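Asker: what shape does this take:
(2 chains)
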There are 2 protein chains.
Amino acid sequence: MISQDTIVALATPAGAGAIAVIRVSGKDAIGICAPLFHSIRGKDLNKQKSHTIHLGHIKDDERVLDEVLISLFKGTNSYTGEPTVEISCHGSSYIQQEIIQLLLRKGCRIANAGEFTLRAFINGKLDLSQAEAVADLIASDSEASHQIAMQQMRGGFSNEIKKLRDELLNFASLIELELDFAEEDVEFANRTQFQDLISRITKVLKRLIDSFAVGNVIKNGIPVAIVGEPNVGKSTLLNALLNEERAIVSDIAGTTRDTIEDEINIGGIGFRFIDTAGIRDTKDVVESIGIKKTFEKIEQAQVVIYLVDSSELTVDGLQQLKTEIGKIKNKYPQKPLIVVANKVDKLDETQISSLTSEIDNIHLLSAKQNLGVEALQNKLLDFVNTGALRNDETIVTNSRHYDALLKALEEIQKVQYGIDNGLSGDLMAIDIRQALYHFGEITGEITSDDLLGNIFANFCIGK
Amino acid sequence: MISQDTIVALATPAGAGAIAVIRVSGKDAIGICAPLFHSIRGKDLNKQKSHTIHLGHIKDDERVLDEVLISLFKGTNSYTGEPTVEISCHGSSYIQQEIIQLLLRKGCRIANAGEFTLRAFINGKLDLSQAEAVADLIASDSEASHQIAMQQMRGGFSNEIKKLRDELLNFASLIELELDFAEEDVEFANRTQFQDLISRITKVLKRLIDSFAVGNVIKNGIPVAIVGEPNVGKSTLLNALLNEERAIVSDIAGTTRDTIEDEINIGGIGFRFIDTAGIRDTKDVVESIGIKKTFEKIEQAQVVIYLVDSSELTVDGLQQLKTEIGKIKNKYPQKPLIVVANKVDKLDETQISSLTSEIDNIHLLSAKQNLGVEALQNKLLDFVNTGALRNDETIVTNSRHYDALLKALEEIQKVQYGIDNGLSGDLMAIDIRQALYHFGEITGEITSDDLLGNIFANFCIGK
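Answerer: Numbering: from 1, shown residues only, chains lettered A, B, ... in the order given. Here you go, the predicted structure:
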C-alpha cells in the first residue's frame, strides 16, 4: 500500500480565485521542486528550514510560469508525514494546470482521491477514524456536524476505543496464557476485574451505538415535513425561521441566492424541510396520488409541521383541519406533530381563542410580524436530543463505525455469556479476539487494502 | 484612499476543497490573529519570525473551529506591504465562514474587491499597470495571454514608459526653467537631444499602440467564423483541431466536458470558433434571415473557414460552392478565407484533382483520419502576427493603457509640431506636461480615487 511516488494535486477548489495551492508530497517533493523555483536571491530550497515560506518564480526552463510562494515542510513534519511542498500560485486555471503539468514532467504523478490523507494514516499521523473525520469536517455544514467531526479528528472517539481495546487485549493475552498452562488450572486473569471490564465495554458500546441515531440526524439534517396548501405561507415561514443568518452567510461567500433553501440551520442543527401538498379529502385521482405522496413524506420525516393560514379558516375549515390532524395522529401516533397557525396578526381575540380551544397545542405564529418564530425554533430543537452534544459526549456518525461497534457488542455479549455460564477460556478467547478485531477496524489497527480503498475513494483529489 | 483597517477575505475559490486560505492584512493582522491561535507548544504568533508556518488550532473562546496552518508575513514583507496572516484551514464552506465571522467580531472587516492588490499598489509594491496585470494573469487562459500578463506583471511595459517619462520630465523642467529666464534668451534644454527624445518617444508610442491590435486578439481570442451546412463535420473538425490537449486538461481539473468548446487553444493562441449557417441562395424568408446572420458573423470574424463535405459534392454543388465563395470574397475582399474540403479520404484521385483545379487554394482535410489538420492549424496561426510574441516584445492589451498611449502620442505630436515650427517654450511646456500626465496615468503616478475604484472593482474579493 505504501507508495514511494511523489504525488501532486490541486488542494484548493477548482476555478478562478485570488490564489490556488498545489500540494506536492513524497520523498522527492523538495528535490523535484527546488530546480524549478527561482528566488531573487538565488535561494536553494534544499537548504531552507522546515516551515518556512519563500517568494520566487516557477520556471519551465526559461519560461516564467508564475510568481509563487513556496511553503516548505521537511522530514516527517507535514500533514502526510512526508516531505511536502505547497505552491501558492495565482488562482488561474491555466497557471494551475501549467504548474501541475510541469511537475508531472519532472517526475510527480497525480494524487489519487484522498491519497494525501491515506499517506498521513499510513505514516501514523492520523488513525483511521481521524482520517475519516477529515472528510466529514470538509463536508460539515452546521455547527453540530462540525463539532462532531472536529472532536473525532482530535481523537475523542478513537482514544476511548483504543483504551478499551488495550485493556481487553491485555486480558486476552492473560487468558490465552492460561490455556498454555491448562493442566495446572492457574488463573492469570483476575475474573472480577475481567467482568468489570466487560461491563464497562458493554456500557460504552451501547452508549456509542445509541448515539448513532443522534449522530446520523446531526450529520444529515433532521427531516421535517411541512404539510399545507400552496398559499398558506410556507416560504415566508422558512424565511422567518432562517432569520438573518443566511443573509450574512451569503454576504461572505459573495453569492446571492434567490431561491429558498430547503436546508436551514437552527441553533447549529441542520433541518431539512420537505414540502408536501395537503391531505384534504378528495375524489380526484390525481389529488389522491398527491395525498399518498404526502403520507410517504410524513413517513420519512422526524417531525411534522402542519401549517394553516388562520386568516382564511372558516368554521367548516376548522372542522376539516381537525379531521386531517386526526388522520395524521392516527396513522403516526409517535411522530411529533406541530400545528402552526400562520398569519395570526390578522385575527381578533375571539378568533384566536376559538382556535386555541378547538385545536390542542396549536402554535400561533405570524411569520411576517416575526411573532412566535423563535418559539417554533425552540420547539423544533426540543425534538433533537441535543443533550449529548452540549455535554461534549462522543457521538458516532459514521455507519462503518456503527457496524463495527454493533459487531463488537455482539462478540462482547458472547464473552459475557461465557463468563455467566463458566465457559472455558479457549472458547472465550475466540470471542475476545473477534471483538478486538472489530475495535481495530474502527481505528485502523486492522485494515485491508479494500477497506482503505473504499474509505479514501470518497475523498476529493488533493486531500 | 489609504485605510488603516485590517481586512479579511477568502483568497481561494469558494466551494469545498481540501484546503482554503483566508487572508488577513493590515497593521493589526497579527495582533488580531495571535490570541485566536493555539499551538500545542503555546507559541505566541507575535513573537514568531516573518515567513514562517505554524500548526495549531483556531479557537473561539473554548470552541475549536479548526486545525490550521498559519503563514506569517511581518512588517512590509508581504503581498500587500502590510503585516499579513494567511490561515490555511480545511476547505469546508462552514469552517471558512466561521473563521471569517470570528475575525470580523475581533475587529477585521471584509475586504472590498481587489483591496489586497490596491493596498499593494498604495504601499508601492506594484505600480498600477502591474496591479492590472494581476487580474489579467488570473483571467489568462492561454499561453499567449498568460505570457503577456506575466511580462506586464514583472514590469516590462511600465519600465519602458517610466524611463521615457523620466527623460521627458527632465526636459520639461529645463524648458520651464528657461521660461524663468525668458528675458535672457538662454537655452538649458539641448534642442538636438530633445528632438532625439521626442523621436524615440514617438516611435515607442506608435509601436505600443500598434501592438494593441495583436494584444487584444491574444487576450480575447481570435474570432473564426465557420461557414457550412449542419452536417459537413464541424464538430469533428473542432475536435481534430483541439487534438488531445483538451483531454489532458480535463484529466487534471477532474472534470469531464461533453460539449465541444467553442474556444480552442492552438499553439498557445486562443481561437473562438463561431458557428454559422451556410449562405446558400434561397427564397425562404426564414433562411434569408439565416444568411443575413451568417454575414454578420463573418463581419465580426478575423478569419473565415468555409467548410464543405467533399464526399457529397456533385458537379452542381461545386458550381454553387464557387458562387458562394465568390460572394464572400466580393463582400469582404480583405478577410482571410480558407476553403476546407472535409472527408477527402472518401474521394478518389480524379475527384481530388477536379476539386483542386476548380477551387483555388482549397485545403484538403480528413478530420476523421487526421489528414491536413496540422496544416490547417499552421494556416490559422499564420494569420496572427505572433512575431511580436516570439520576440518577447511588449504588447499592450489593456484598453485603458491604449487610450492613455493614444492621448500621450497626440500631445507628443503637438510638441513635435512646436519644435518644427519654432514655437515658444511656454506653449511646448503645456503639451509636455499633458504628455507626462498621460504617461503617469498608465503607471499610476497620477491617479484619482475614481480611476482606482474602477480598476479594482473588476478584481475578485480576496485578491
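Asker: need the contact list for residue A:88.
Answerer: If a contact means C-beta atoms under 8 Å, 6 or more residues apart in numbering or on different chains, then residue A:88 has A:19-21, A:68-71, B:21, B:86 as its contacts. Bear in mind the C-beta positions are built from the backbone N, C-alpha and C, glycine included.
Asker: which SS class is it?
Answerer: With DSSP: H, G, I helix; E, B strand; the rest coil as the basis, residue A:88 sits in strand.
Asker: could you do residue A:21 as well?
Answerer: Using three-state DSSP, the secondary structure recorded for residue A:21 is strand.
Asker: thought it was touching residue B:13?
Answerer: No - contact between residue A:21 and residue B:13 fails when scored by C-beta atoms under 8 Å: they sit 10.8 Å apart.
Asker: list the residues that contact both of those two?
Answerer: The overlap between the contact sets of residue A:21 and residue B:13 (C-beta under 8 Å, 6+ apart) consists of residue A:12.
Asker: end to end on stretch A:104-120, go ahead and measure it.
Answerer: The distance separating the two terminal residues of stretch A:104-120, taken as C-alpha to C-alpha, to the nearest Å, comes to 22 Å.
Asker: hmm, it in reach of chain B?
Answerer: Yes - among the residues of stretch A:104-120, A:110, A:116 lie within reach of chain B under C-beta under 8 Å from any C-beta of the partner chain.
Asker: can you list contacts of that stretch?
Answerer: For stretch A:104-120, the external contacting residues (C-beta under 8 Å, 6+ apart) are A:1, A:5-9, A:11, A:23-26, A:28, A:32, A:35-36, A:79-82, A:100, A:126, A:131, A:134-135, A:452, A:455-463, B:18, B:251-252.
Asker: mind checking which of those residues are buried?
Answerer: Buried members of the contacts of stretch A:104-120, scored by 16 or more other C-beta atoms under 10 Å in any protein chain shown, are A:6-9, A:11, A:23-26, A:28, A:32, A:36, A:79-82, A:100, A:126, A:131, A:134-135, A:452, A:455-456, A:459-463, B:18, B:252.
Asker: possible to save the contacts of residue A:88 as TSV with distance to residue B:54 and pLDDT?
Answerer: As requested, the contacts of residue A:88 are arranged in TSV below (distance: C-beta to C-beta, whole Å; pLDDT from 0 to 100):
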residue	distance to residue B:54	pLDDT
A:19	19	94
A:20	22	95
A:21	17	97
A:68	20	96
A:69	15	97
A:70	16	97
A:71	11	98
B:21	15	97
B:86	11	98
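Asker: please pick the buried ones from those residues.
Answerer: Using 16+ other C-beta under 10 Å, the buried ones in the contacts of residue A:88 are A:19-21, A:68-71, B:21, B:86.
Asker: next, see if the helix or strand containing residue A:218 gets close to chain B.
Answerer: Under DSSP states H and E, the secondary-structure element containing residue A:218 is helix A:191-220. No - figure legend: helix A:191-220 not in contact with chain B (C-beta under 8 Å from any C-beta); closest approach 12.6 Å.
Asker: on the C-terminal side of that helix, identify the next helix or strand.
Answerer: Moving toward the C-terminus from helix A:191-220, the next element (DSSP H and E) is strand A:222-227.
Asker: and that next one, which strands flank it?
Answerer: Strand partners for strand A:222-227, identified by DSSP bridges, are recorded as strand A:269-276 (parallel), strand A:303-309 (parallel).
Asker: would you single out the least confident of those?
Answerer: Within the strands paired with strand A:222-227, the stretch with the lowest mean pLDDT is strand A:269-276, showing a mean of 80.
Asker: contact partners of that strand?
Answerer: Outside strand A:269-276, the residues touching it (C-beta under 8 Å, 6+ apart) are A:141-145, A:218, A:220-228, A:234, A:238, A:262-265, A:293-294, A:297-298, A:300-301, A:380-381, A:384, A:386.
Asker: in the stretch 301-450 of chain A, where is pLDDT below threshold?
Answerer: When residues are selected by pLDDT under 70, those of the stretch 301-450 of chain A lie in A:384-393.
Asker: tell me where it has strands.
Answerer: Secondary structure of the stretch 301-450 of chain A, counting by DSSP state E, counting those that start in this stretch: strands at A:303-309, A:337-342, A:363-364.
Asker: which of those sits closest to residue B:370?
Answerer: With C-beta to C-beta as the measure, strand A:303-309 is the member of the strands of the stretch 301-450 of chain A nearest residue B:370 (62.2 Å).
Asker: gap between that closest one and the chain center?
Answerer: For strand A:303-309, the separation from the chain centroid amounts to 29 Å (computed by C-alpha atoms, centre = their mean, to the nearest Å).
Asker: about what we covered before: include mean neighbour count when you put the strands of the stretch 301-450 of chain A into CSV, please.
Answerer: Shown next, in CSV, are those (neighbours: other C-beta atoms under 10 Å in any protein chain shown):
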stretch, mean neighbour count
strand A:303-309, 23
strand A:337-342, 22
strand A:363-364, 19
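Asker: who's in contact with stretch A:41-59?
Answerer: With C-beta under 8 Å, 6+ apart as the test, stretch A:41-59 has contacts from A:30-31, A:33-34, A:36-40, A:64-75, A:77, A:85, A:87, A:89, A:99, A:102, B:51-54, B:71, B:73.
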